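Participant: Fold the following, please.
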Amino acid sequence: QDSWVLDVASRQWTCLHGPHPYCRQPFPAGGSSAPSGVVVPAFSALDGRVYVYGGLRQRMQACGTGETFHWESRAQLHFLDLERLTWIGVEARGAAHPPSLAMASLTSLQNPGEAGGGPGLVLFGGQNWDCVWKEPSSSSSSSSSSSSS
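Facilitator: Numbering: from 1, shown residues only. Sure thing, here's the model as predicted:
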């Protein structure tokens, strides 16, 4: 997955990371610290960084009966350092952490008060999409109604 930055003043795009020859850096053979090929992640900017959480990744996997295409929710947090233009993976501390989510909202807080003492991020909503497609139910019910006039 490519990472791009737009210089608003010059209206020119720069590819930071990706497989294309015009990108500044290809993804390393051993992997990258950039978010891995996700769609619909939550993101927000705070203190010179753009944070990205979760999203969906396409997978072929046994899901119910047989192998099927499905989306896998992610629980990874990364930030793009806007000064160095590099991605960094964030390892959360403590036992509590949000689940794998896609289509969530992430917003920054400059003064969260007693919540953490300094700038922070709030993650809200979203859904875990792991194996969301189910086999249709084999039992069906029917009802009939009648009216008289």
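Participant: just the strands in the protein please.
Facilitator: Applying DSSP state E to the chain gives strands spanning 3-7, 12-17, 42-46, 49-53, 56-62, 67-73, 77-81, 86-90, 102-109, 120-127.
Participant: Which residues does residue 121 form beta bridges with?
Facilitator: Residue 121 forms beta bridges with residue 108, as assigned by DSSP bridges.
Participant: neighbours around it, how many?
Facilitator: Other residues near residue 121 number 18, with proximity taken as other C-beta atoms under 10 Å. The C-beta positions use only the backbone N, C-alpha and C, and glycine is treated the same way.
Participant: Report the contact partners of it.
Facilitator: 44, 46, 51, 106, 107, 108, 109 (C-beta atoms under 8 Å, 6 or more residues apart in numbering).
Participant: Out of those residues, which comes closest to residue 36?
Facilitator: residue 51 (15.6 Å; C-beta to C-beta).
Participant: Kindly state the beta-bridge partners for the closest one.
Facilitator: Those that pair with residue 51 in a beta bridge, by DSSP bridges, are residue 44, residue 79.
Participant: wouldn't it be in contact with residue 44 here?
Facilitator: Yes. The pair residue 51 / residue 44 is scored as a contact, 5.4 Å apart, by C-beta atoms under 8 Å.
Participant: Going by neighbour count, which of the contacts of residue 121 comes out on top?
Facilitator: Counting by other C-beta under 10 Å, top hit in these: residue 106 with 22 neighbours.
Participant: so where's the chain uncertain?
Facilitator: Residue ranges of the chain with pLDDT under 70: 1, 25-32, 59-70, 111-117, 131-149.
Participant: ok, residue 125 - how many residues close by?
Facilitator: Residue 125, neighbours per other C-beta under 10 Å, totals 10.
Participant: measure the closest residue to it other than its chain neighbours to residue 96 for me?
Facilitator: Excluding the flanking residues, the one nearest residue 125 by C-beta to C-beta, 6 or more residues apart in numbering is residue 104, at 5.1 Å. Separation of residue 104 from residue 96 (C-beta to C-beta, to the nearest Å) stands at 16 Å.
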